[in-house]
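here you go, sequence then predicted model.
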Amino acid sequence: MTSPLNDIRILELGHALAGPFASVMLADFGADVIKIERPGVGDSLRAMGPQRGGKGIWWTVTGRNKRSVCIDLKSPEGLALVRDLVATSDVVVENFRPGVLDRLGLGYEALSAIKPDIIMLRVSGFGQTGPYSHRGGFGKIAEAFSGATHLTGAADAPPVHPGYSLGDATTGLMGAFGIMLALRHRDQTGQGQQIDLALYEPLLRMIEWQVPLHDVAGTSPMRNGPRFPFDGAFITDICRTKDGQAIVVSAATTESLTALRRLLVTAGTLGDEAAGETDVVAALRTWVASQTRESALETLHEARVVADGINTAADIGQNEHIAARDNLVTVLDGDHQVRMPGVVPRMTGSPGQINWAGADLGEHTDEVLGKVLDLSEDRIQELRGAGVVG
């Protein structure tokens, strides 16, 4: 089955997570992603987190399906090679601070002079324009600036960050979306364009109610622990079970909320189905605390209340539903195998696939320079000897 993006080439000049996350989403669906890395050093993500055999486990996922090419961007010959690769590409992805690539002669205007229909995704902390554009920014800064961190945590405690790369990942997803829009525009008009994406912007867009609520109601939403930041929308809560586990209950519709109230009245922890939200939450916690995780979920599901367990990595790895939907796949990584998240979304007519885990540093240098740029083996070795490529 033909992959939907197998005629698209992406030149990735990004590092760490936000830009590369956008690229890997498209690589999973057939895009040829050529990742440019610094010889002998590589993407900083390679060294982040636990290692196996000197290779970062995190890297095996974010680097999957990409070809690793080592080129020294500080070398004039290296920059020339990158410009030659631009001429063969459809998209360039970068996430340096504004001005870095422009000073190297690799800004959008320079690249569009090489290839007029080039699409360039530019991810930065605060965008290419505006009074903060010069500031550095990482995912956690973006989470805070967007308002997401303020809304996370207990009401009587300092805000907390999510325990994963929410800001980077959402920016990567929005970046991949932007690339697809730009490709569609190019198909219609023949024109390329620049996509200017700040790290905080996707989360600011996703929390779509915080500013209107402040403007209209005159109140600022406040973090509220496991419950929603403002009352009256629905009831959601995290409850401890008697076997030391935890479940989440989300009564987000009138039907589900009615079913929850009825269940709690029947169980004897709620005196009146018309009780207020605070009483319902207290009654829910009391009832769940008398149940095991398994018995609580079974009863809630039978009552048509939406609820589920809070899974650990071990739970995810053993879950029958996750297995049935192939949400985890096993990929060969050198002499080892590694389980990782599968391709999302599931497509019936043009499914994606994982062809290899994150490549070794410079694994595809010779292949790309030889087959894409038509350089001879002698010329490649000459460039390697001069430290231009690795």
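Okay, I see it.

now the helix or strand where Ile195 lies, how far from the centre of its chain.
Using DSSP states H and E, Ile195 sits in strand 193-198. Relative to the centre of its chain, strand 193-198 is centred 17 Å away, using Cα atoms, centre = their mean, to the nearest Å.

strand partners of it, parallel vs antiparallel please.
Here strand 193-198 has these sheet partners by DSSP bridges: strand 119-124 (parallel).

what about the residue most central in space within the chain, distance to Asp156?
Central residue of the chain (Cα atoms, centre = their mean): Ala169, 2.2 Å from the mean position. From Ala169 across to Asp156, the span is 29 Å (Cβ to Cβ, to the nearest Å). All C-beta atoms are positioned from the backbone trio N, CA, C, and that covers glycine.

now do Ile322
35 Å.

likewise Gly268?
Taking Cβ to Cβ, one finds Gly268 at 30 Å from Asp156.

picking that back up, wait, what's in contact with the spatially closest residue to the residue nearest to the centre of the chain that is not a sequence neighbour?
Counting by Cβ to Cβ, 6 or more residues apart in numbering, Phe21 is the residue found nearest to Ala169 once chain neighbours are left out, at 5.7 Å. If a contact means Cβ atoms under 8 Å, 6 or more residues apart in numbering, then Phe21 has 62, 168-169, 171-173, 175-176 as its contacts.

swap in Val86?
Here Val86 is in contact with 11, 92, 106, 111, 114-115, 118 (Cβ under 8 Å, 6+ apart).

which of these sit farthest apart?
Leu106 and Lys115 (12.3 Å; Cβ to Cβ).

neighbour count: the two, which is higher?
When Leu106 and Lys115 are compared for neighbours, Leu106 comes out ahead with 22 against 16, by other Cβ atoms under 10 Å.

hang on, the earlier thing: got the CA coordinates for the strand holding Ile195 in CSV?
Extracted in CSV, the C-alpha atoms of strand 193-198 (Å, rounded to 0.1, in the frame of the first residue of the first chain):
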residue,chain,number,x,y,z
GLN,A,193,5.5,29.7,2.3
GLN,A,194,6.9,30.2,5.8
ILE,A,195,5.1,28.8,8.8
ASP,A,196,5.9,30.9,11.9
LEU,A,197,5.0,28.9,15.0
ALA,A,198,5.8,29.9,18.6
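
next helix or strand past that strand?
Using DSSP H and E, the helix or strand that follows strand 193-198 in sequence is helix 201-206.

what mean pLDDT does stretch 54-61 have?
Stretch 54-61 carries an average pLDDT of 88.

same deal with stretch 200-207?
The average pLDDT within stretch 200-207 is 94.

go on, stretch 373-383?
The model assigns stretch 373-383 a mean pLDDT of 97.

so Ile322 and Asp156 - more neighbours on which side?
Ile322 (16 against 7).

how much space is there between Arg83 and Gly172?
In terms of Cβ to Cβ, Arg83 sits 26 Å off from Gly172.

the two: which is more packed in?
Just comparing Arg83 and Gly172: by other Cβ under 10 Å the higher neighbour count belongs to Gly172, 28 against 16.

for that one, grab phi and psi.
phi -60, psi -40 (degrees, to the nearest 10).

pretty sure it sits against Ala16.
No - Gly172 lies out of contact with Ala16 (Cβ atoms under 8 Å); the separation is 10.6 Å.

need the strands for this protein, in chain order.
Assigned by DSSP state E, the chain shows strands spanning 9-12, 32-37, 51-52, 55-56, 66-70, 91-94, 119-124, 193-198, 235-240, 246-251, 307-309, 328-333, 336-341.

most remote residue from the protein's center?
Gly271 (44.4 Å).

so how far is Asp279 from it?
With distances taken as Cβ to Cβ, Gly271 is found 8 Å from Asp279.

just Thr365 next, same as before
From Thr365 to Asp279 the distance is 65 Å (Cβ to Cβ).

more neighbours, the two?
A count of neighbours by other Cβ under 10 Å puts Thr365 above the other of Thr365 and Asp279, at 22 against 16.

not counting its neighbours along the chain, what's nearest the more buried one?
Val69 (4.8 Å).

so who does the one you found touch?
Counting by Cβ under 8 Å, 6+ apart, Val69 touches 34-37, 362, 364-365, 368-369, 389.

cool, Glu77 as well?
Counting by Cβ under 8 Å, 6+ apart, Glu77 has contacts 383, 386, 388.

which one of those sits closest to Leu197?
Distances from Leu197 to the contacts of Glu77, taken by Cβ to Cβ, are shortest for Val388, at 30.8 Å.

the closest one: how many residues sit nearby?
For Val388, the neighbour count with other Cβ under 10 Å is 21.
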